[in-house]
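Asker: I'll drop the sequence and a predicted model, then ask my questions.
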Amino acid sequence: MGVFEGMAGLGHEQLVFCRDEAVGLRAIIGIHSTALGPAIGGLRIYNYLDESDAIRDVLRLSRGMTYKAAMAGLDFGGGQAVILGDPSIKDEALLRAFGRHVESLGGRYITAEDMNTTVEDMSWIRRETRWVTGFSQQLGGSGHPARATAWGTYQGIRACLEVVHGSPEVAGRTVAIQGVGAVGYELARYLHEGGARLVVCDISERKVRRVLDELGGEAIDEDDFYGADVDVLAPCAIGGVINRATIPLIRAPIVAGAANNQLDDPEGDARLLAEAGITYAPDYVVNAGGLIQVCGELVGYPVEQAMADAGGIFDTVKRVINRARARGITTAAAADEIAEERIARVTGLRRLGLPGRW
Ligand code: NAD
């Protein structure tokens, strides 16, 4: 498929190819939509199989950010950047060269951390452009967004419990978490504080041990996660784990976790989950807490405000599930519909001809 065809298929505005021979920079910035505001999205450094693979990733991820931002009620559009190459190529010059390309877009794209980039890397980029967010608190930023992401995910789980059982109480419920890294660990803490019982797995034994030592609960093998006899499955590690092979194993009535792109086949797997009577909280709806925090940082909100806003994910998830039920569609389709409606209605304001902020 040609590049323009790929862009047209997903509705992209712009794809920018950036290079700087001297520092070995090969980067692609995807701007899916600026309908609601500047396109925001992380910078990932990855050794892609080839250029088409990188383009596909940029197109897919930047589109996802449009929906995530719209659904979270933010005035930002969707973007994503990738640097092609092994993460070990990362250094000051490479990041600053990338920052100059971001600056050249005049604020149409705002970058942030993502896979293989860190809060510290953003500081190098900031030397070249102000269109970057997600700094450490020492530098006046809001710090690591994992807590806000976990808080939003916790609220998403509570919303699912309310819809399924009539009460959002986590006390007495059992939640299985796959991946107790930055987000999964914080989620485990919120669940523990709420009185839930934890079942955890991670490829790192050390991380599992930390949860068990600090919060109690039970460790399970990675293979036993899907069939765990629990109230909620919370995937918080990697994408693609909910698929044709794993869905038939699931016994939990709810799947709600922070991992991005949990469904291997977004439409097909959402349908399989619905047919199995499993309530799925769309990943981009529940894991928007971190995005809410870094967007808040851009407009000068304190972290407490971001946490309060991430708490709104409770109502958003309920709205999504209720619409899915009322319309007889999957929760994934209901979320997309709500996001698209907001984008269409707010974009429509431009017809007034009055100046807005963006
Ligand atoms: P992380 O790297 O800190 O944690 C991921 C954990 O998963 C690690 O402990 C890792 O050992 C474990 N893991 C990896 N593969 C596994 C497997 N097959 N089975 C079990 N455990 C496995 O990452 P994170 O920041 O906690 O993010 C977790 C997920 O949430 C990712 O999918 C990420 O894209 C998504 N997410 C994170 C944020 C954020 O604020 N950090 C925001 C939105 C979405």
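Answerer: Perfect, I can see it now. Residues are numbered from 1 along each chain as shown.
Asker: confirm for me that T316 is in contact with Y284.
Answerer: No - counting by CB atoms under 8 Å, T316 does not reach Y284; the two are 10.7 Å apart. C-beta: built from backbone N, CA, C; applies to glycine.
Asker: got any residues that touch both of the two?
Answerer: M71 (CB atoms under 8 Å, 6 or more residues apart in numbering).
Asker: name the element the residue lying closest to M115 once chain neighbours are set aside belongs to?
Answerer: Among residues not flanking M115 along the chain, R44 sits closest, at 4.2 Å (CB to CB, 6 or more residues apart in numbering). Using DSSP states H and E, R44 sits within strand 39-46.
Asker: between strand 39-46 and the helix or strand following that strand, find me the angle.
Answerer: Under the assignment DSSP H and E, the closest C-terminal helix or strand after strand 39-46 is helix 51-71. Orientation check (axes from the mean of the first three to the mean of the last three CA atoms, to 10 degrees): helix 51-71 against strand 39-46 gives 150 degrees.
Asker: in helix 51-71, what counts as buried?
Answerer: 54-59, 61-71 (16 or more other CB atoms under 10 Å).
Asker: C-alpha coordinates for it, PDB please?
Answerer: Provided in PDB are the C-alpha atoms of helix 51-71 (Å, rounded to 0.1, in the frame of the first residue of the first chain):
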ATOM      1  CA  GLU A  51      10.600   1.800   6.800                       C
ATOM      2  CA  SER A  52       7.200   0.500   5.900                       C
ATOM      3  CA  ASP A  53       7.000  -1.100   9.400                       C
ATOM      4  CA  ALA A  54       7.900   2.300  11.000                       C
ATOM      5  CA  ILE A  55       5.300   4.200   8.800                       C
ATOM      6  CA  ARG A  56       2.600   1.700   9.800                       C
ATOM      7  CA  ASP A  57       3.400   2.200  13.500                       C
ATOM      8  CA  VAL A  58       3.400   6.000  13.300                       C
ATOM      9  CA  LEU A  59       0.100   6.000  11.400                       C
ATOM     10  CA  ARG A  60      -1.600   3.500  13.800                       C
ATOM     11  CA  LEU A  61      -0.300   5.100  17.000                       C
ATOM     12  CA  SER A  62      -1.000   8.700  16.000                       C
ATOM     13  CA  ARG A  63      -4.600   7.800  15.100                       C
ATOM     14  CA  GLY A  64      -5.000   6.200  18.400                       C
ATOM     15  CA  MET A  65      -3.900   9.400  20.200                       C
ATOM     16  CA  THR A  66      -6.600  11.400  18.400                       C
ATOM     17  CA  TYR A  67      -9.200   9.100  19.900                       C
ATOM     18  CA  LYS A  68      -7.600   8.900  23.300                       C
ATOM     19  CA  ALA A  69      -7.300  12.700  23.600                       C
ATOM     20  CA  ALA A  70     -10.900  13.300  22.300                       C
ATOM     21  CA  MET A  71     -12.300  10.700  24.700                       C
END
